[in-house]
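Asker: Show me the folded form of this:
(one chain, ligands or ions: 1)
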Amino acid sequence: MRAAPLLLLLPLGLAAARLPVVPHQDPAAAQDPDLLPDTMLELESALKKLRRSIRKEEEDAASLASLQRIQEAALRCKTLVPALAADLPEAERPAFLRAYRREMAAFLEKAVACEIALLDGDREKARALQKALADMETPAHERFTADG
Ligand code: HEM
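Answerer: Next comes the predicted model:
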């Protein structure tokens with residue numbers, strides 16, 4: 001009788017042990033080739049607006065709106081498949097997709113931290129996080145795009 005609750009937890013433990021599965025990112029599934037580039041362009045446009053507005057407290061509402069757009073774009077990008085995945089040997093694809101998703105999740109985490117700093121009135125921290133977000137672009141593109 002006492003073992004029953006533990007047995008119920010067993011499938012959860014087994015699921016966690018199968019770590020390499022990355023749900024949603026399916027390199028074999030059809031993906032509109034414009035979707036990731038277009039979402040990146042949306043992210044870029046919102047990030048540019050944020051760079052200007054974040055300096056001014058009176059533009060906090062605009063900064064929060066841009067952060068919302070950045071987060072939504074990052075959330076969408078996170079589960080998409082970069083075009084470069086198709087050029088890689090099949091054996092290398094899972095690790096590539098995992099690393100891409102991890103980087104995008106780290107980007108999203110910083111965008112949320114930037115929002116929290118702004119809502120807390122910690123403008124210095126919000127500004128540092130906005131810079132950290134912008135600094136992620138070049139190294140991420142070197143790793144995950146064909147033309148760097
Ligand atoms: C400051 C942040 C970023 C900006 C402003 C940005 C912007 C862009 C832009 C403008 C493009 C090209 C769109 C076009 O084709 O015209 C692009 C492509 C791409 N970016 Fe970003 N990006 C950022 C961060 C990231 C991060 C963090 C990652 C990876 C985790 C990433 C991965 C990619 C990939 C893989 C592509 C190629 C699209 C494809 O494979 O279809 N980017 N990005």
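
Asker: What strand or helix carries residue 106?
Answerer: Residue 106 is located in helix 93-119, with elements delineated by DSSP states H and E.

Asker: Flag every buried residue along that helix.
Answerer: By neighbour count with 16 or more other CB atoms under 10 Å, helix 93-119 contains the buried residues 93-94, 96-97, 100-101, 103-104, 107-108, 110-111, 113-115, 117-118. The way it works is simple: take the backbone N, C-alpha and C, and place the C-beta from them, glycine included.

Asker: That helix and the ligand, any residue contact?
Answerer: Yes - interface with the ligand: helix 93-119 contributes 100, 103, 104, 107 (CB under 6 Å from any ligand atom).

Asker: now the helices: where do they sit in this protein?
Answerer: Secondary structure of the chain (DSSP state H): helices at 4-17, 35-53, 60-78, 93-119, 123-135, 137-144.

Asker: so for the longest one, what's the average pLDDT?
Answerer: In this model, helix 93-119 has a mean pLDDT of 97.

Asker: Repeat that for the second one.
Answerer: In this model, helix 35-53 carries a mean pLDDT of 98.

Asker: What sits closest to the residue positioned nearest the centre of the chain if chain neighbours are left out?
Answerer: In the chain, the C-alpha nearest the mean C-alpha coordinate belongs to residue 104, at 2.6 Å (CA atoms, centre = their mean). Spatial nearest neighbour of residue 104, excluding adjacent residues (CB to CB, 6 or more residues apart in numbering): residue 78 at 4.1 Å.

Asker: contacting residues for that neighbour?
Answerer: When contacts are counted by CB atoms under 8 Å, 6 or more residues apart in numbering, residue 78 is found next to 101, 104, 105, 108.

Asker: let's see it at 10 Å
Answerer: 24, 25, 39, 100, 101, 102, 103, 104, 105, 107, 108 (CB atoms under 10 Å, 6 or more residues apart in numbering).

Asker: Check residue 137 too.
Answerer: Taking CB under 10 Å, 6+ apart, we find residue 137 in contact with 40, 43, 44, 47, 107.
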